[in-house]
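Undergrad: My questions are about this predicted structure, shown below with the sequence.
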Amino acid sequence: MDSGVASRISGHGMDCVKEDLEIEDVSPPNAEGKDLEDTKQTYGHEGEWMDEEEDGKDWKSDVNVEIMAEWFCTNCIDSNPDDESCCGQCGEHRNSGILEQGYLASRDLPEKANDMEQRKDMSDSEIKLHLTFPPLWTPQTDAASTAIGFDERMLLHSEVQTKSHPHPERPDRLRAIMGGLSAAGLFSGLCCMIPSREATLAELEWVHSHSHVEAVEATSLHEASYFGRDTYANNYSALAARLAAGTCIDLMTAIVKGQILNGFALVRPPGHHALSATAMGFCLHNNAALAAKAALSAGAKKVMIIDWDVHHGNGTQEIFDSDSSVLYVSLHRHQAGFFYPGTGAASEVGIKDGEGFSVNIPWPCGGIGDEDYLFAFQNVIMPIVEQFAPDATIISAGFDAAKGDPLGGCQVTPSGYAHMTQLLYSLMKGKLLVVLEGGYNLRSISASAAAVLKVLLGVSPGEIPPSWQPTFAGLLAVSEACVIQSRYWKIDRMSLLNMQMLLSAAETKFKENKNDPRQPVSGPQAEDQPQG
Ligand code: Q9C
Ligand code: ZN
């Protein structure tokens with residue numbers, strides 16, 4: 001939708017129900033669906049776009065599912081039959097306690113304000129009064145400190161609930177992360193809070209068209225608006241999006257100016273799919289891109305954005321496509337273009353002056369985990385980043401490649417996220433801005449965010465386990481990216497050769513062993529390794 005106008009749904013209209021969509025990335029809760037989900041992650045198979053419709057039809061025609069009462073898991077939003085007390089997908093208890101811990105747990109106002117029915121009785125100023133960030137931490141700056149960016153008003157952005165399935169990009173994501181970090185003892189005394197701020201419309205136009213900014217602003221006049229099928233807005237979305245952007249801008253500026261060492265922007269709506277003229281993929285304004293612009297205007301000459309959200313950050317890539325001052329690096333599930341949003345092939349390297357300043361590592365299938373992510377960091381990302389030598393680094397940190405995520409279908413653990421952060425931390429001497437993007441399993445995202453924050457606070461996860469070996473699928477993607485990027489960057493000849501050897505050996509093994517692309521290419525179990 002590049003018309004710059006969001007579609008509206010008035011009132012609690014039934015037209016909304018008719019137009020309803022299954023949240024497509026979530027597989028149906030029957031065994032058949034899970035097998036399908038598994039199959040579609042297999043190498044060479046068609047991805048979600050194609051399967052979805054089939055899945056959807058099968059599922060809807062299943063009369064039992066349709067008439068049985070169901071509940072949605074708080075943790076992973078999968079639907080469950082009424083007679084089950086634990087989620088069949090993630091094991092979470094029906095009465096999950098995940099939102100009853102930590103920082104936001106005891107406060108009922110965000111909950112109340114987030115409930116459309118109850119909120120009718122609240123005036124705007126009442127909402128604003130109660131949702132303004134409480135002064136639990138004195139805002140302060142200190143050249144050695146880690147700052148958190150957060151504002152409760154970002155919880156007001158939520159989908160008007162008329163759908164058959166809850167939207168994965170929900171306010172509870174930030175509640176769970178904030179609660180998890182405070183329960184882990186990572187706040188008090190360790191972090192400081194940066195005061196949140198709304199980005200100005202002029203700042204938003206650093207990366208967005210005037211009509212895009214206006215289209216997002218206009219959504220505040222309506223109870224429900226849509227950009228495409230799955231990017232919703234309510235009366236508070238434009239405010240939330242301005243707060244998310246402004247908070248990222250201020251954190252980045254403080255880092256470049258040396259007022260704080262690093263920062264974690266716990267923001268929503270997410271940003272990396274937002275194009276200069278289009279909101280999409282749950283994203284309204286491109287927070288990471290705006291932070292990059294802020295770094296440049298604070299004096300940085302070279303900025304890197306590294307995007308480990310499971311989806312390709314098509315918005316960020318487009319915004320900086322022809323810009324050599326911003327290096328965009330992304331690892332994502334790509335599936336030959338069949339995984340959302342479909343962009344991010346290794347051959348996309350940037351255009352004009354920006355040629356060579358986009359680096360894409362496209363996983364050919366799901367199920368990718370720590371080993372492959374770290375292999376990519378060691379063999380392509382770190383060599384390129386060392387040569388680029390950024391003055392500022394932004395991590396577009398979605399946690400939807402995490403194990404248990406309902407959309408990503410990948411396997412990254414908190415330890416994997418910690419090691420990736422550590423490699424960048426060492427290179428940047430701690431100067432990092434981490435910006436939350438996607439991530440939809442509450443337990444996975446709060447554990448992952450805690451692991452990343454610990455590294456920002458200076459706690460090293462130690463050495464990368466030497467037993468971590470890439471899988472065939474990972475090796476395939478990384479060597480493809482290496483070959484393409486070696487036109488622009490020095491990639492060690494030995495590691496290129498080594499990768500090619502590993503690859504041809506793995507190819508043989510791949511064909512012999514049931515074509516499973518997710519088996520490790522080598523490792524302690526290989527015959528040629530001596531025992532003991
Ligand atoms: N219509 C983020 O993680 N899926 N966005 C659509 C095909 C949209 C994900 C499925 C996924 C968007 C920030
Ligand atoms: Zn994502």
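TA: Received the coordinates, thanks. Ligands and ions are numbered 1, 2, ... in the order given.
Undergrad: Find the closest residue to ligand 2 in the protein.
TA: Gly438 (2.9 Å; C-beta to the ion). Heads up, the C-betas are built off the backbone N, CA and C, glycines and all.
Undergrad: Can you read off the backbone torsions of that residue?
TA: phi -90, psi -160 (degrees, to the nearest 10).
Undergrad: Could you check the pLDDT of it?
TA: Looking at Gly438, its pLDDT is 98.
Undergrad: Check the burial of it by counting its neighbours.
TA: 28 (other C-beta atoms under 10 Å).
Undergrad: what's near enough to touch it?
TA: 169, 270, 282, 309-311, 398-400, 407-408 (C-beta atoms under 8 Å, 6 or more residues apart in numbering).
Undergrad: ok, now how distant is it from Ser467?
TA: According to C-beta to C-beta, to the nearest Å, Gly438 stands 29 Å off from Ser467.
Undergrad: Now do the same contact list for the most centrally placed residue in the chain.
TA: By C-alpha atoms, centre = their mean, the chain has its centre lying nearest to Gly398, at 1.9 Å. The neighbourhood of Gly398, defined by C-beta under 8 Å, 6+ apart, consists of 270, 272, 307-311, 436-439.
Undergrad: Would you tell me what the next helix or strand after the host helix or strand of Ala473 is?
TA: Assigning secondary structure by DSSP states H and E places Ala473 in helix 472-485. Helices and strands here follow DSSP H and E; after helix 472-485, the next one along the chain is helix 493-512.
Undergrad: Enumerate the residues of the chain near ligand 2.
TA: Residues of the chain found near ligand 2 (C-beta under 5 Å from the ion) are 309, 311, 398, 400, 438.
Undergrad: From ligand 1, how far out is Met494?
TA: Distance, Met494 to ligand 1, by C-beta to the nearest ligand atom, to the nearest Å: 36 Å.
Undergrad: Just give me the neighbour total for that residue.
TA: By the criterion of other C-beta under 10 Å, Met494 has 8 neighbours.
Undergrad: Now do the residue lying closest to Leu201 once chain neighbours are set aside: how many residues are near it, please.
TA: Leaving aside its sequence neighbours, Leu201 sits nearest to Val213 (C-beta to C-beta, 6 or more residues apart in numbering; 5.5 Å). By the criterion of other C-beta under 10 Å, Val213 has 24 neighbours.
Undergrad: And Ser85, by the same measure?
TA: Ser85, neighbours per other C-beta under 10 Å, totals 10.
Undergrad: Quick check, the residue in the stretch 101-250 of the chain closest to ligand 1?
TA: Nearest residue of the stretch 101-250 of the chain to ligand 1, counting by C-beta to the nearest ligand atom: Asp230, 5.3 Å away.
Undergrad: May I ask you to confirm that that residue is in contact with Phe282?
TA: Yes - look at Asp230 against Phe282 with C-beta atoms under 8 Å: they come within range, at 6.6 Å.
Undergrad: Could you report the separation of the residue of the chain closest to ligand 2 from Gly281?
TA: 8 Å.
Undergrad: ditto for Phe320
TA: Distance, Phe320 to Gly281, by C-beta to C-beta: 17 Å.
Undergrad: quick one: is stretch 385-404 near ligand 1?
TA: Yes - shown here: stretch 385-404 in contact with ligand 1 (C-beta under 6 Å from any ligand atom) through 398, 400.
Undergrad: So what's the model's average confidence on the helix holding Ala473?
TA: Averaged over helix 472-485, pLDDT sits at 95.
Undergrad: who's in contact with that helix?
TA: 43, 334, 346-347, 349, 356, 359-365, 367-368, 371-372, 375-376, 379-380, 384, 470, 491, 495-496, 499-500, 502-503, 506-507, 509-510, 516-519, 521.
Undergrad: So which of those residues are in strands?
TA: Within those, residues falling in strands by DSSP state E are 359-363.
Undergrad: With respect to ligand 1, which of these is nearest?
TA: Trp363 (15.0 Å).
Undergrad: That closest one contacts His334, correct?
TA: Yes - counting by C-beta under 8 Å, Trp363 touches His334, with 5.9 Å between them.
Undergrad: Sticking with Asn80, tell me its helix or strand.
TA: strand 79-81.
Undergrad: and that strand, how far out from the chain's middle?
TA: 26 Å (C-alpha atoms, centre = their mean, to the nearest Å).
Undergrad: which neighbours does that strand have in its sheet, and in what orientation?
TA: strand 70-72 (antiparallel) (DSSP bridges).
Undergrad: All the strands of the stretch 201-350 of the chain, residue numbers only.
TA: 225-227, 231-233, 260-265, 303-307, 326-333 (DSSP state E, counting those that start in this stretch).
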